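Undergrad: have a look; sequence and predicted model below, questions after that.
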Amino acid sequence: MTPPPNPPTAAAAAAPAPAPGERAVLGVDIGTSSTKGVLVALDGRILATTTRSHSVQRPRTGHVEMDGRVWWEEFASIAEELTGGAETIVAVGVSGMGPCVLLADADDEPVRPAILYGVDTRAVDQIAELDARYGRERILERCGSALTSQAAGPKLAWVRENEPEAWERSARFFMPSSYLVRRLTGAYVLDQHSASQVTPLYDRHTQEWIRDWADEVAPGIELPPLLWPGEVAGTVAAPVAGIPAGVPVVAGTIDAWTESVSVHATGPGDLMLMYGTTMFLVATVDAPATDPSMWGTTGVFPGTHNLAGGLATSGAITDWIRTLAGDVGFAELVAEAAASPAGARGLLLLPYFAGERTPIQDPDARGTVVGLTLEHTRGDLYRAALEGTAFAVRHNIETMRAGGADIRRVVAVGGGTQGDVWTQIVSDVTGLEQVIPAQTIGASLGAAMLAAAAADVDTSGWNPPERVIAPDPAAASRYADLYPLYLDLYTRTKDLVHQLVALTEA
């Protein structure tokens, strides 16, 4: 399961402390519920890790924000802890949740909280306006993705239309990785992959900004030059938190894609499945692939392309159930879920607790549980939540395949891979094996690997596979019967749920 956010921790006790003067790379990832850092020796040994917890703000339904200044504060705190002030760092890698929109003034001071990725669904009207202006099919063909809550462009338009004073002070926009790069090096850049999610301002064919559309959607905002995630954006301008001046910093990218780097899931046929607060899927394809309900993006490396999807909630639901159950420990709930049979004794759950991203792209979808009786236990409900996310994963995978993704290898990452109950359910529902790597630290490790590669370090032997989760035939047969019911449940309840949402927001 996805563990609850951790408080600041000391460097991992089980890992050897870096020897004086030992060369290492630092990777830091800004996530939805925490910032994580890792110090890695150049031979791939994990020397130390640490975490800082934070929370998002939800000022109203559909609005999910975070104070961008926290990103830099937590980076500096983590770097200070991991390096211990020793000047051993040879390169720095950064990544973060996204696509986010942090607007800043000419002095790079945030003018408002950052608007987060697809979990923030405020820009419904702007999506409709931009679709009408440029044409939905034209946007899809030129940019690779249809306009949804995941796209950064409508979020920019929302601020311009709804907060004119903040917009008037805005000069640049950042995502977590590009903001850290700016603070460390002074360089104002964005990576190609992140730019490909600033729909409709990026052309996936030319891999350049669409200047005329940008002038209309985000007038007055300086567009950053584009680099590949593993390219050096600049060097540390002044010593900070144990990192000496002159250390190279790579451009970095969005966390799910950095996580795919951490487990070597970046080749055609690979699917990276990230278990976290949300669930994310990144399939790598030979050529640009397009599906109106998925996200077609530029890849992490030159010449690569992705078809991606994501659940708006997954681990967040399990944490919600844990809280409702009296803040019981995850281990106890997992054991109870494991004791519940496949099908959770007749429960079926739609995991749309914060709307849903792919493939239904419905910000007004809501969580639904059917089949409850007085005999059901919290373990049954917990298992139903795990099964609901697994059905959603299968729905995404089937949609990806229909869009041209040839998925042959699945690599699972993230906190939800700790213990095999959730991963086993996903394999049983999808019928696919999942490779679990030795390290599931996540995007911070991928950021460190990008940094190491930029320092001419061979990372091909880092983080090898550890185990494989194979489908159980009996459970798979049971889930094969339930999956059509899962799909039908959304279809049958959608209109009713939308009416409830309208009444709630009236």
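TA: On my side now, so go ahead.

Undergrad: could you pull up phi and psi at A157?
TA: Main-chain torsions, A157, degrees, to the nearest 10: phi -60, psi -40.

Undergrad: what strand or helix carries the nearest residue in space to it that is not next to it in sequence?
TA: Counting by Cβ to Cβ, 6 or more residues apart in numbering, A157 lies nearest to Q126, which is 4.1 Å off, once chain neighbours are set aside. (C-beta placed from N, C-alpha, C; glycine too.) Per DSSP states H and E: Q126 is located in helix 124-134.

Undergrad: continuing past that helix, what's the next helix or strand?
TA: helix 136-143.

Undergrad: hmm, back to that, burial measure for the residue nearest to A157, as a count.
TA: 22 (other Cβ atoms under 10 Å).

Undergrad: just to revisit the earlier point, what sits up against the helix holding Q126?
TA: 139, 147-149, 151, 153-155, 157-158, 161, 200, 213, 216-217, 363 (Cβ atoms under 8 Å, 6 or more residues apart in numbering).

Undergrad: can you list the buried residues in it?
TA: Residues of helix 124-134 classed as buried by neighbour count (16 or more other Cβ atoms under 10 Å): Q126, I127, E129, L130, D131, Y134.

Undergrad: how close does the third one get to T297?
TA: Distance, E129 to T297, using Cβ to Cβ, to the nearest Å: 23 Å.

Undergrad: ditto for the fifth one
TA: When distances are taken as Cβ to Cβ, D131 and T297 turn out to be 19 Å apart.

Undergrad: widest-spaced pair of the contacts of helix 124-134?
TA: Within the contacts of helix 124-134, E216 and P363 form the most distant pair, 23.9 Å apart (Cβ to Cβ).

Undergrad: so these two - more neighbours on which side?
TA: Ranked by neighbour count (other Cβ under 10 Å), E216 and P363 place P363 first, with 24 against 15.

Undergrad: touching, that one and D120? I think so.
TA: No. Contact criterion Cβ atoms under 8 Å: P363 and D120 do not qualify, at 9.3 Å.

Undergrad: who touches both of those two?
TA: Here P363 and D120 have G62, S149 as joint contacts, going by Cβ under 8 Å, 6+ apart.

Undergrad: report the inter-axis angle for the helix holding Q126 versus helix 136-143.
TA: With axes from the mean of the first three to the mean of the last three Cα atoms, to 10 degrees defining the directions, helix 124-134 sits at 90 degrees from helix 136-143.

Undergrad: buried among the contacts of helix 124-134? Need that as a selection in PyMOL.
TA: Per 16+ other Cβ under 10 Å, the buried members of these correspond to this PyMOL selection:
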select buried, resi 139+147+148+149+151+153+154+155+157+158+200+213+217+363
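
Undergrad: so which of the contacts of helix 124-134 comes closest to M175?
TA: Distances from M175 to the contacts of helix 124-134, taken by Cβ to Cβ, are shortest for K155, at 11.4 Å.

Undergrad: kindly export the helix or strand containing that closest one (C-alpha atoms) in CSV.
TA: Secondary-structure assignment from DSSP H and E places K155 in helix 153-162. Extracted in CSV, the C-alpha atoms of helix 153-162 (Å, rounded to 0.1, in the frame of the first residue of the first chain):
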residue,chain,number,x,y,z
GLY,A,153,-2.5,25.5,-21.1
PRO,A,154,-6.1,25.9,-19.8
LYS,A,155,-4.8,26.4,-16.3
LEU,A,156,-2.8,29.4,-17.6
ALA,A,157,-5.9,30.7,-19.3
TRP,A,158,-7.9,30.2,-16.1
VAL,A,159,-5.6,32.5,-14.1
ARG,A,160,-5.6,35.1,-16.8
GLU,A,161,-9.4,35.2,-16.9
ASN,A,162,-10.1,34.8,-13.2
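
Undergrad: which strands and helices lie in contact with the one helix or strand I436 maps to?
TA: Per DSSP H and E: I436 is located in strand 434-437. Strand 434-437 sits against strand 409-414, helix 421-430, strand 465-469, with contacts defined as 3 or more Cβ pairs under 8 Å, 6 or more residues apart in numbering; DSSP states H and E.

Undergrad: just send the ones you listed back as CSV, with distance to S170 and mean neighbour count too.
TA: CSV is the format used below for the helices and strands packed on strand 434-437 (distance: least, Cβ to Cβ, whole Å; neighbours: other Cβ atoms under 10 Å):
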stretch, distance to S170, mean neighbour count
strand 409-414, 33, 24
helix 421-430, 41, 24
strand 465-469, 45, 14
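
Undergrad: quick one: which of the ones you listed is nearest F330?
TA: Using Cβ to Cβ, the nearest of the helices and strands packed on strand 434-437 to F330 is helix 421-430, at 10.5 Å.

Undergrad: counting by contacts, list what that closest one packs against.
TA: Under the contact definition 3+ Cβ pairs under 8 Å, 6+ apart, helix 421-430 sits against strand 270-275, helix 330-339, helix 378-402, strand 409-414, strand 434-437, strand 465-469, helix 473-505.

Undergrad: below-threshold pLDDT in this protein: ranges please.
TA: Low-confidence segments of the chain (pLDDT under 70): 1-21, 85-87.

Undergrad: repeat the analysis, applying 80 as the threshold.
TA: 1-21, 85-87, 327, 506 (pLDDT under 80).

Undergrad: in it, which residue is closest to the centre?
TA: Nearest to the mean C-alpha position of the chain, by Cα atoms, centre = their mean, lies A256 at 4.4 Å.

Undergrad: quick one: residues contacting that residue.
TA: Applying Cβ under 8 Å, 6+ apart, the residues contacting A256 are M272, M274, F280, V282, A308, G310, A443.

Undergrad: now with 6 Å, please.
TA: M274, F280, V282 (Cβ atoms under 6 Å, 6 or more residues apart in numbering).

Undergrad: derive a PyMOL selection command for the buried subset of the residues you listed.
TA: To isolate the buried ones among the contacts of A256 in PyMOL, judged by 16+ other Cβ under 10 Å, type:
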select buried, resi 274+280+282
